[in-house]
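> this is a predicted model, with the sequence first.
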Amino acid sequence: MPPRPRFDRRAPVRELPNINDRITYPKLRVVDADGTQLGVITREEALEVSRDRELDLVLVSEKADPPVCRIMDYGKFKFEQEKKAKEAKKKSHQTEVKEVKMRYKIDQHDYDVRIGHAQRFLKSGDKVKCTVIFRGREIQHTALAETLLKRMAKDLEEQAEVQQSPKREGRNMIMFLTPRKTPLIKKDVEEAQPTKAVRTINLPDRSNQKKLAMKTKTKEE
């Protein structure tokens, strides 16, 4: 029986960049730091030029004939490359489909919890699959499930757009929401302003009533 291999405690070998003395090709096509073509020169001449510039000789194309090198500040170049890679990683987000499951007889508290989960998924840039599960004879109440899903779409309309309307699949009814790309513009609802009541019945003129009463009194005297 072969002996059991021992755990290798040695540090992994790191690939060192091909710069300066690590470049072994006798002839090189060299590009200066400002982009000027120095032509095909020997390795020793290229190293001498890079030392005079107080910069590094970096191999940028090993497969070319002859290989291409560039004179640059390798430390600064490496820092900028790592910075660009980090920024690209932050911007890149692989969209996933997250599912929110519920029953059509869900109570308000559990419904609010599902809404919170969906909002969190949408905020992170993921799509949301809203699923209403039917059990037994509940399959007869697909209309209630559709109403529930439409209610959820309405409650999430500021964060999401409906990618697929409620649709029955087997013993489930599903709806897909995707993060909203453009902000939702709601139409302002004009509130009805109370209007003052307009008097439409003409009241009798009191002055005419007074004159009539005085005439009647005079006749009686």
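That came through fine.
> what about the strands in the protein?
Assigned strands in the chain, in chain order: 27-31, 37-42, 56-61, 68-72, 97-102, 127-133, 160-169, 172-179 (criterion: DSSP state E).
> buried ones in the second one, by neighbour count?
Within strand 37-42, the residues that count as buried by 16 or more other Cβ atoms under 10 Å are L38, I41. Every residue, glycine included, has its C-beta placed from N, CA and C.
> the last one now?
Judged by neighbour count (16+ other Cβ under 10 Å), strand 172-179 contains these buried residues: M173, I174, M175, F176, L177, T178, P179.
> I'd like the residues you listed as a markdown table, with pLDDT appended.
As requested, the buried residues of strand 172-179 are exported to a markdown table (pLDDT from 0 to 100):
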| residue | pLDDT |
| --- | --- |
| M173 | 93 |
| I174 | 94 |
| M175 | 95 |
| F176 | 95 |
| L177 | 94 |
| T178 | 93 |
| P179 | 91 |
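> returning to that earlier point: can you lay out the strands of the chain as a markdown table showing distance to Q81?
Compiled in a markdown table, the strands of the chain are given as follows (distance: least, Cβ to Cβ, whole Å):
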| stretch | distance to Q81 |
| --- | --- |
| strand 27-31 | 17 |
| strand 37-42 | 23 |
| strand 56-61 | 12 |
| strand 68-72 | 11 |
| strand 97-102 | 33 |
| strand 127-133 | 33 |
| strand 160-169 | 37 |
| strand 172-179 | 31 |
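> so which of those gets nearest E80?
Of all the strands of the chain, strand 68-72 sits nearest to E80, with 10.5 Å by Cβ to Cβ.
> residues in contact with the closest one?
By Cβ atoms under 8 Å, 6 or more residues apart in numbering, the residues outside strand 68-72 that reach it are 23, 28-33, 46, 49-50, 53, 55-61.
> wait, A33 sits on R53?
Yes - using Cβ atoms under 8 Å, A33 is in contact with R53, at 6.2 Å.
> measure stretch 53-67 end to end?
21 Å (Cα to Cα, to the nearest Å).
> buried residues, it. List them.
Buried-residue list, stretch 53-67, by 16+ other Cβ under 10 Å: L55, D56, L57, V58, L59, P67.
> ok, and the closest non-adjacent residue to the last one?
Spelled out, it's P67. Counting by Cβ to Cβ, 6 or more residues apart in numbering, P67 lies nearest to Y25, which is 5.0 Å off, once chain neighbours are set aside.
> good, wrapping up.
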